[in-house]
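Chemist: Provided below are the primary sequence and the corresponding predicted coordinates.
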Amino acid sequence: MDLARLGRVADAFRAIERPNRLCYFWQHHAGESNLKDENKAAERIEKLRERIEYHNHRYYVLDAPEISDAEYDGMMRELEALEREHPDLVTPDSPTQRVGGAPLEKFEKAVHAIPMLSLQNAFDEQELREFDERTRRFLETADPVEYVAEPKIDGLAVEIRYENRRYARAATRGDGVTGEDVTANVRTIASVPMILDPSAPDLLELRGEVFLAKKHFVRINRAREEEGEPAFANPRNAAAGSIRQLDPKVTASRPLDVICYALGEHSLSKLETQWQLLESLRRFRIPVSPKARLCRDVEEALDYYRRILEEREGFPYEIDGLVIKVNRMDLRGALGEISKSPRWAVAVKFPAMQETTVIEDIQVQVGRTGVLTPVAVLKPVRVGGVLVSRATLHNQDEIDAKDIRIRDTVTVQRAGDVIPEVVGAVKQARKGTEQRFTLPERYPNCPVCGSKVVRLEGEVAYRCVGVDCPAKLKESVKHFASKGAANIVGLGDKIVDQLVEKKIIKDPADLYLLTQQQWEGLERMGAKSAENIMEALEASKDIGLSAFVFGLGIRHVGDHLADVLAQRFGTLKALMDADVESLADVHEIGPKVALSIRTYFDEKRNSRLIEKLRSAGMRVREQAARIGGGLEGKTFVLTGGLSSMERSAAKRKIEDLGGRVSGSVSKKTDYVVAGENPGSKLEKARELGVTVIDEKAFLKLLEESR
């Protein structure tokens, strides 16, 4: 052994606390570590990595270490020494690589093989019972449904991919279809295994939540305040900000954790239940919730919800509800999905956290459609760990109904990321100095542009009618640049405010016409930041039809209806040319929304904006439109099991050909597809004279309708 290596061994000896570990360490450094043969070195490195990963899991996930810190340090130092001697054997999944690599230029996009769906919400026990009733009604059973209940962690959703049981990639949820590649950052999380147990499958994509424990959140904020840096608002923001660091070393410096609960793409043999999945993940050394509970029926799920609600404050991390999932996988397949959420799961949110404070004033904010929203300026108060100084009052009718006045003592609540709101006044605390607030008297004109404020018939909102109101422009640009729309990364509110206030832009299209010099001329915008904005703008030019329509900000058209329109019409031109009747004929688009869409495209100002965006280089991708298929306008109801496909697959095939699937039979139903063991829907169809077809006829109809 050369002198340099002896020196390393001596250093390692000094790091070991217990003398009886010296023999262990010397044996491996002077014996097995003194490997000249490359193959033996590779074998030893592999063995060390597996042992270290095993003990990482015992320490970080199970909180049940089997060896001392000194013994763990000994194995780690041996691995580091071997990797220095054999740099060609160093791999990204090695435990030695967790400290983070070189800073990234930007996050690459990562497309999910299977979309990451969002969950439906329930806000009280009654809504959970209604979810159970809907589930059993859809499954056509009166028997209890078994559920798995898991605490809903308030963190950042991620997908972690393993190939050949080795850590391969990690991505954020993003819009559910495309996220950000955060492989280098998630690698630094100690509870994320780099190598899975040998019993794990070759391919495994995990869905989970990255979070920051409460105690670490307090410590990090205290350190940031001492350094003069702004504190994080809550643990969720801290976790999300840590994962989105371009420098993985910053992420590595923060003790993040992860808990997994679902799968994406995988090569597992067939799983029968969610509970079996959780047990399998534990066996693979993957962290799952220790608080997951198998419930025989909805009443057991409700009992567990009440228990977790009582224990909420004692959790080491923030939770904001309980996720209830149908346990059996075959029932999930039968239930399928609605829009972007599964029918077989619901997030039962905890009651909002509340505190009392005083309204010091009532001001208004002007939104992108000109709506004036009254906002309570509060004496700052902490609600659920967040300092709240402003809360929405929604509208004048809400103020009148709750009899809220300036200088009132009020109850303020927040739930998750929802904007804080004033629940009501504590009327017994009134002193006689409180003042009533009437929006049209206080603000007969827009506080931003001075234009007239009106209340349209049938609406609760007051609106600014100013065509060039800067407040409306700011909110329109922010909406266009938001995540679900053009997703212009880095274009924050303060930057938009500057652009509008300095009259640099007059509409969202102007963003694409600015030069780097103009960007650099903004406050706190250096050359690198300007370059990043320019790159983000260039990336946003390639946009899907659904995102583009949503970004336009058409009244009554949110992200879901934008997706419905994109699927129905396929191209922007087809949508812009559609008349009111064609629009109203689309499922989920009623006459009111159809008129709003047609009015938007008829306005020359809006058509000029779209043309300007195109001229600036924005390319709106066509979407595979569900139009012209042989099932266009036809409504189907599925009952019973199909031997050739799952019910969710049948639903997709119908929708791809222009049809729609309903959960109940009515006179408007065109076909009832009766599979094996059909339920009461078949009887209902016969009563109403609806056409009933079997699986063979259904498959033939699909083929003929292509």
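Modeler: Arrived safely, thanks for sending.
Chemist: For Arg285, give its distance to Tyr167.
Modeler: According to C-beta to C-beta, to the nearest Å, Arg285 and Tyr167 sit 12 Å apart. Backbone N, C-alpha and C define where each C-beta goes, glycine included.
Chemist: Compare those two and say which is more crowded by neighbours.
Modeler: Taking neighbours as other C-beta atoms under 10 Å, Arg285 and Tyr167 compare with Tyr167 leading, 23 against 20.
Chemist: what's the spacing between the residue nearest to Asp403 when sequence neighbours are not counted and Gln363?
Modeler: Leaving aside its sequence neighbours, Asp403 sits nearest to Ala425 (C-beta to C-beta, 6 or more residues apart in numbering; 6.1 Å). Ala425 is 18 Å from Gln363, where distance means C-beta to C-beta.
Chemist: the more surrounded of those two?
Modeler: Comparing Ala425 with Gln363 by neighbour count (other C-beta under 10 Å), the higher total belongs to Ala425, at 18 against 14.
Chemist: Pull the contacting residues for the more buried one.
Modeler: Counting by C-beta atoms under 8 Å, 6 or more residues apart in numbering, Ala425 touches 402-405, 408-410.
Chemist: now do Ser451
Modeler: By C-beta under 8 Å, 6+ apart, the contact list for Ser451 reads 445, 464-466, 469.
Chemist: can you tell me how far it sits from Leu372?
Modeler: Ser451 is 11 Å from Leu372, by C-beta to C-beta.
Chemist: between the two, what contacts are shared?
Modeler: Shared contacts of Ser451 and Leu372 (C-beta under 8 Å, 6+ apart): Cys464.
Chemist: Show me the domain layout of the chain.
Modeler: Using automatic domain parsing, the domain parsing of the chain gives 3-97, 120-349, 353-463, 470-621, 635-704.
Chemist: so Val375, which of the three states?
Modeler: Here Val375 is strand, with the state taken from DSSP: H, G, I helix; E, B strand; the rest coil.
Chemist: what's across from it in the sheet?
Modeler: Beta-bridge partners for Val375, by DSSP bridges, are Gln363, Thr392.
Chemist: What's the per-residue pLDDT of it here?
Modeler: Note for Val375: predicted pLDDT of 93.
Chemist: any idea how far it lies from Gly367?
Modeler: Taken as C-beta to C-beta, the span from Val375 to Gly367 is 11 Å.
Chemist: Could you do Met116 as well?
Modeler: Computed as C-beta to C-beta, the Met116 to Gly367 distance reads 30 Å.
Chemist: Please apply the same query to Ala547.
Modeler: 20 Å.
Chemist: Likewise for Glu78?
Modeler: For Glu78, the distance to Gly367 equals 61 Å [C-beta to C-beta].
Chemist: Which of the two has more residues huddled nearby?
Modeler: Comparing Glu78 with Gly367 by other C-beta under 10 Å, the one with more neighbours is Glu78, at 22 against 19.
Chemist: So the more buried one is in contact with Arg49, correct?
Modeler: No - taking contacts as C-beta atoms under 8 Å, Glu78 lies outside contact range of Arg49: 11.0 Å.
Chemist: would you put the C-alpha positions of stretch 498-514 in PDB?
Modeler: Output of stretch 498-514 as PDB, limited to C-alpha atoms (Å, rounded to 0.1, in the frame of the first residue of the first chain):
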ATOM      1  CA  GLN A 498     -42.800  47.000 -14.800                       C
ATOM      2  CA  LEU A 499     -43.500  46.300 -18.500                       C
ATOM      3  CA  VAL A 500     -47.000  47.700 -18.200                       C
ATOM      4  CA  GLU A 501     -46.200  50.600 -15.900                       C
ATOM      5  CA  LYS A 502     -43.400  51.800 -18.200                       C
ATOM      6  CA  LYS A 503     -45.700  51.300 -21.200                       C
ATOM      7  CA  ILE A 504     -43.300  48.900 -22.900                       C
ATOM      8  CA  ILE A 505     -46.000  46.400 -23.800                       C
ATOM      9  CA  LYS A 506     -49.700  46.900 -24.700                       C
ATOM     10  CA  ASP A 507     -50.700  43.200 -25.000                       C
ATOM     11  CA  PRO A 508     -49.200  39.700 -24.500                       C
ATOM     12  CA  ALA A 509     -47.800  39.600 -28.100                       C
ATOM     13  CA  ASP A 510     -45.500  42.500 -27.300                       C
ATOM     14  CA  LEU A 511     -43.500  40.200 -25.000                       C
ATOM     15  CA  TYR A 512     -42.200  38.400 -28.100                       C
ATOM     16  CA  LEU A 513     -41.100  41.600 -29.800                       C
ATOM     17  CA  LEU A 514     -38.800  42.900 -27.000                       C
END
